[in-house]
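Participant: Pasting the sequence and the predicted coordinates here, then a few questions.
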Amino acid sequence: MAAPGSGGGRACFVLGASGETGRALLRELLARRLFARVTLIGRRRLDLGEETEAAVKVVDFERLSEHAAAFQGHDVGFCCLGTTRAKAGADGFVRVDRDYVAQAAELARAGGCKHFVLQSSRGADPHSHFLYFRVKGEVENLVQAVGFDRCTILRPAVLLCKRQESRPGEWVAQQFLGVVARVFPTAYSVPVESVARAMVASVLQPAEGKVEVLENGTIHKLGKAVPQQGT
């Protein structure tokens, strides 16, 4: 693998760069310059300062098979794609968090992607009675079944971030969890920046198997392990 900071001619894509984890991941990737080419794949162009340094491919997720070219030529795929039931409804949540992600993984594999890094959730379980955890468990299984050379699944707990969109209930929960995190730093939550750094670290470190599942405590450790640019 190319040395950190060199790019090495490698390419990656990011799905879900408009979300909080996706934005943090994009900042990390561009700051560290691990890839010669970074492509953002999404349904619209993003108003991001970092966007000038990344290629942008706009796709229609309802007709994703028509956009196979957007997924071609990438060594690594990072997926932070997701929505909420409150925002999209139950059917919309399933379509985005499971169906879109699974189809994107298939197109990525067909396009030459070797390593797929998926942001899932703590508690993911395809047999759960709760829709959120069941869908997350189902998409984990679907992505694994695609057959990447390497698949890394991250299962963070509650994400700590400053969202651009207003979610009052979530804000209150985050304030509480922010206090709890000072006492139990790895138990119930994790900053999105740590998740982003862990996603990058998972690419840099040697594989421990074809499929790796990183739980919240490991995400915290890997999130601290990635040296800052220039160190």
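Facilitator: Great, that's in hand.

Participant: what residue lies at the spatial centre of the chain?
Facilitator: For the chain, the residue whose C-alpha lies nearest the mean C-alpha position (C-alpha atoms, centre = their mean) is residue 80; its distance is 2.9 Å.

Participant: Pop out the phi and psi values for it.
Facilitator: Main-chain torsions, residue 80, degrees, to the nearest 10: phi -120, psi 20.

Participant: Ok, residue 45 next?
Facilitator: phi -70, psi 140.

Participant: try the one 10 residues further on
Facilitator: Summarising the backbone geometry of residue 55 under the convention degrees, to the nearest 10, its torsions are phi -70, psi 150.

Participant: Which residues lie in contact with it in this structure?
Facilitator: Each residue near residue 55 by C-beta atoms under 8 Å, 6 or more residues apart in numbering is listed here: 37, 38, 39, 40. All C-beta spots, glycine's among them, are computed from the backbone N, C-alpha and C.

Participant: again, only this time at 7 Å
Facilitator: Contacts for residue 55 were tallied using C-beta atoms under 7 Å, 6 or more residues apart in numbering; they are 37, 39.

Participant: what about it, distance to residue 115?
Facilitator: The gap separating residue 55 from residue 115 is 19 Å, by C-beta to C-beta, to the nearest Å.

Participant: tell me, how many neighbours does the closest residue to the residue nearest to the centre of the chain other than its chain neighbours end up with?
Facilitator: The shortest distance from residue 80 to any non-neighbouring residue, by C-beta to C-beta, 6 or more residues apart in numbering, is to residue 16 (3.5 Å). When neighbours are defined as other C-beta atoms under 10 Å, residue 16 has 25 of them.

Participant: which residues does residue 16 contact?
Facilitator: Applying C-beta under 7 Å, 6+ apart, the residues contacting residue 16 are 22, 79, 80, 81, 82.

Participant: Could you rerun that using 6 Å?
Facilitator: The contact partners of residue 16, by C-beta atoms under 6 Å, 6 or more residues apart in numbering, come to 22, 80, 81.

Participant: Let me know whether the first one touches residue 81 as I believe.
Facilitator: No: with contact defined as C-beta atoms under 6 Å, residue 22 does not count as touching residue 81 (8.0 Å).
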